[in-house]
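Novice: With the sequence up front, the predicted model follows.
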Amino acid sequence: MSKQDLGTRSGLPDTLRILMQEFPRAHWQTHANFGGMVQFWLQRHLMFRDLLDRLQTETRARFDNATSHDKFAPRLSRLGGMFLQELHGHHQIEDTHYFPQLIGLDQRLERGFDILDSDHHAIDGLLNGFAEAANAVLNADGDIAQHDATGRLTESLDGFQTLLDRHLVDEEELIVPVILKTGFSG
């Protein structure tokens, strides 16, 4: 594992955060190029964070027996399916459409896009693990099996949140300054 891997890094290296000095996060919303593309990107990221928070809240409530399996299962299926589809689709579009274009706007950041692409592969594994854990809950038969499967799902979601947040923050800090600087609109 390298220091650049999603599970081990604490942020992007300073050499890839060069535009953050010129475009600090605190000033993004007041920049003239903060609009369409940046707002859309950040809203998608907020949606992923919100979906994951809702999944965690619902799963903890089920684990604590604050809700029944009959009420939890359809919510898990709906929220989990949305989370899986939306995040996977988002990453596909970034990898095939946006990242190649953004690299061309500032070649100094190419290694950053390689890191984000590696993150997407790591997150694919997390998504698969989440799907397996969620399906185990949905298919568990009996209170004990459901409780055990829900506990494993809770642990899976907690680890996922940490890694997803690391990725989203790093992606925002690499991409948003490029868009602000260049006015890129996709």
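Specialist: That came in fine, so what should we check first?

Novice: helices and strands around the lengthiest helix in the chain, which ones?
Specialist: Taking DSSP state H as the criterion, the chain has its longest helix at helix 143-182. Counting contacts by 3 or more Cβ pairs under 8 Å, 6 or more residues apart in numbering; DSSP states H and E, helix 143-182 packs against helix 18-22, helix 36-63, helix 99-105, helix 110-139. Quick note: C-beta positions are derived from backbone N, CA and C, even for glycine.

Novice: where's the residue positioned nearest the centre of the chain relative to I179, distance?
Specialist: Nearest residue to the geometric centre of the chain (Cα atoms, centre = their mean): L164, 4.0 Å. L164 sits 21 Å away from I179, going by Cβ to Cβ, to the nearest Å.

Novice: Over to L153?
Specialist: 36 Å.

Novice: Over to A73?
Specialist: A73 is 40 Å from I179, by Cβ to Cβ.

Novice: quick one: the residue located most distally from the centre of the chain from A136, how far?
Specialist: No residue in the chain sits farther from the centre than G142, which is 32.4 Å out by Cα atoms, centre = their mean. G142 sits at a distance of 13 Å from A136 (criterion: Cβ to Cβ).
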